[in-house]
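Asker: Sequence plus predicted model, see below.
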Amino acid sequence: MASSNKPRFWPARWGRHWKEIVAGCGVMPCSGARTFWHRLRRQRHGTLLDGVLYCRPQCLELALLGRLSQLMTFRFSPPPANRMPLGLLMVARGKLSHEQVAEALAAQRSANEGKIGEWFERLGFATEQEVTSTLALQWGCPVATAVEPDVLGAGHRLPAAILESFQMLPLQYVPATNTLSIAFGERVEHGALYAIEKMLQCRTQPCVAGRKKVANLIETLRQQPRSHEFEFGPISDPAEMVRISSSYIAKFGAKEVRLGRFGALIWLRLANRSSLMNLVLRLRLEPQQAHRPRPALLPHISMTVSRGQVPSQRALE
């Protein structure tokens, strides 16, 4: 196996180190920032937050406060409508009649719960396989041929709370193409896929699987102990989120932190030299927000506090 200490690896390693030297601390001006020559003589110190280096815990906490406040106060637009309703697609494919679709819609409105595909199955109008294949056609992606529990390495695992919230399951990671396949049991959430790509630095490939199969596997994962994965909330105070996050970052010795919002959840991914840790902060939503349709997701946004651009007090409230 090739060693990273061999000369042919030195240019890439020094290239990364040179970027870190030039960048300094993400908070400018920073009283803890060292001179260029001091940084050149010493190794990098501090923590990366979304790719930006913060030299001291105080700098990191300031950046975390601004970033978390930004994620919490973001106002989501409603998700776009599907190209064609599931019921009409099943009628076009000869799987259902217009009367059956109307009856299922009436039952759904009366119960005020459940997806329309689930009602097709409850009423015996269609099988789960027929609904799944039509969902794949609706979202323009393949049907998963085999759905197994999450057996991926730690580097490509997703927090169980996020899997449950969006009824999705990671299936396979292909190193050659840096692609992670994710199966959805309900609607395909492209916002979630984009956010995952930014968090894990990989490509995603969606597919559709049976709703019950995905739900059962997620429930199984929920029952299993998942080391280095912690959930908190509901929380509405950004300062409390910073306190929790900073405490775990310090205890874990994290050298890199990435974070993004997934609906009512904020995911922080901590990495040190040998392992990973996932923190999930559940937001306390206002009563009127809790009954709205699931919002679109906020993509991974990088915010750098630099050259005096400290978040205003109004932005942090």
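Answerer: On my side now, so go ahead.

Asker: Going by C-alpha atoms from here, please, whenever you check contacts or count neighbours.
Answerer: Will do.

Asker: residue contacts, the nearest residue to residue 232 once chain neighbours are set aside?
Answerer: Counting by CA to CA, 6 or more residues apart in numbering, residue 232 lies nearest to residue 281, which is 5.0 Å off, once chain neighbours are set aside. Residue 281 sits next to 231-235, 241, 265-267 when contact means CA atoms under 8 Å, 6 or more residues apart in numbering.

Asker: Let's see that with 7 Å instead.
Answerer: Residues in contact with residue 281 (CA atoms under 7 Å, 6 or more residues apart in numbering) are 231-233, 265-267.

Asker: Can you flag the buried ones in these?
Answerer: 231, 265-267 (16 or more other CA atoms under 10 Å).

Asker: Show me where this structure dips below the pLDDT cut-off.
Answerer: Counting by pLDDT under 70, the ranges of the chain that qualify are 1-24, 26-44, 74-82, 149-154, 286-317.

Asker: okay, the contacts of residue 281 in JSON lines with secondary structure and distance to residue 84 next?
Answerer: Putting the contacts of residue 281 into JSON lines (DSSP: H, G, I helix; E, B strand; the rest coil; distance: CA to CA, whole Å) gives the following:
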{"residue": "231", "secondary structure": "strand", "distance to residue 84": "37"}
{"residue": "232", "secondary structure": "strand", "distance to residue 84": "38"}
{"residue": "233", "secondary structure": "strand", "distance to residue 84": "37"}
{"residue": "265", "secondary structure": "strand", "distance to residue 84": "29"}
{"residue": "266", "secondary structure": "strand", "distance to residue 84": "31"}
{"residue": "267", "secondary structure": "strand", "distance to residue 84": "32"}
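
Asker: Could you work out the most separated pair of those?
Answerer: Spanning the widest gap among those are 233 and 267, at 12.2 Å by CA to CA.

Asker: Do a quick rundown of the helices in the stretch 51-200 of the chain.
Answerer: Ranges of helices within the stretch 51-200 of the chain are 57-73, 86-92, 98-111, 116-122, 128-139, 160-166, 190-200, based on DSSP state H, counting those that start in this stretch.

Asker: Just list what the longest one packs against, helices and strands only.
Answerer: The elements that helix 57-73 packs onto, with contact taken as 3 or more CA pairs under 7 Å, 6 or more residues apart in numbering; DSSP states H and E, are helix 238-252.

Asker: what does the helix it packs on contact?
Answerer: Here helix 238-252 has contacts from 61, 64-65, 68-69, using CA under 7 Å, 6+ apart.

Asker: buried residues in that helix?
Answerer: 238-239, 241-242, 245-246, 248-249, 252.

Asker: Now distance to residue 127 too, for those residues, in TSV please.
Answerer: Below are the buried residues of helix 238-252 laid out as TSV (distance: CA to CA, whole Å):
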residue	distance to residue 127
238	46
239	49
241	44
242	47
245	45
246	49
248	46
249	48
252	48
